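Asks: With the sequence up front, the predicted model follows.
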Amino acid sequence: MQEYRIKLNNTGEVREFVRAAERCPFDIDVYYNHIFVDGKSILGMMGLDLGQTLNVRCNGSDEAFEAFLREFPERRGNVA
């Protein structure tokens, strides 16, 4: 399991995140404080506070998705 801390700045980045997450054959959980959502759910992701730093927990490994997370300038990288 890998965890990343990311910041999504707008709804366009949320849509890109969900599209990339949907390609992964494993669960992706996104959370901050006590709020957890499915990273593949556009409704769940759009309901998050974009002002928060989000924790992304990948319950598997996918090089393309990990590269996607690292490519955004606001990303802080792997924390686990």
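Replies: Looks like it came in fine.

Asks: Pull the residues that contact the strand or helix carrying residue 21.
Replies: Using DSSP states H and E, residue 21 maps to helix 11-22. The contact list for helix 11-22, computed with Cβ atoms under 8 Å, 6 or more residues apart in numbering, reads 6, 8, 28, 39-42, 45-46, 48, 50, 64-65, 68, 72. Where you see a C-beta, it was placed from the backbone N, CA and C, and this is true even at glycine.

Asks: Could you rerun that using 7 Å?
Replies: 8, 28, 39, 40, 42, 45, 46, 65, 68 (Cβ atoms under 7 Å, 6 or more residues apart in numbering).

Asks: how about those residues in TSV, adding distance to residue 56, secondary structure and neighbour count?
Replies: Formatted as TSV, these follow (distance: Cβ to Cβ, whole Å; DSSP: H, G, I helix; E, B strand; the rest coil; neighbours: other Cβ atoms under 10 Å):
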residue	distance to residue 56	secondary structure	neighbour count
8	10	coil	23
28	6	strand	23
39	6	coil	24
40	12	coil	19
42	15	helix	16
45	11	helix	22
46	16	helix	13
65	9	helix	23
68	11	helix	18
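
Asks: Can you tell me which of those residues is nearest residue 1?
Replies: residue 28 (10.7 Å; Cβ to Cβ).

Asks: was I right about the closest one contacting residue 58?
Replies: Yes - assessed by Cβ atoms under 7 Å, residue 28 is found in contact with residue 58 at 5.6 Å.

Asks: ok so, going back, helix or strand right after the helix holding residue 21?
Replies: strand 28-32.

Asks: Residue 43 - how many residues pack around it?
Replies: Residue 43: 9 surrounding residues under other Cβ atoms under 10 Å.

Asks: I'd like the distance between the residue lying farthest from the centre of the chain and residue 24.
Replies: Computed with Cα atoms, centre = their mean, the residue of the chain farthest from its C-alpha average is residue 34, at 15.9 Å. Per Cβ to Cβ, to the nearest Å, residue 34 is found 24 Å from residue 24.
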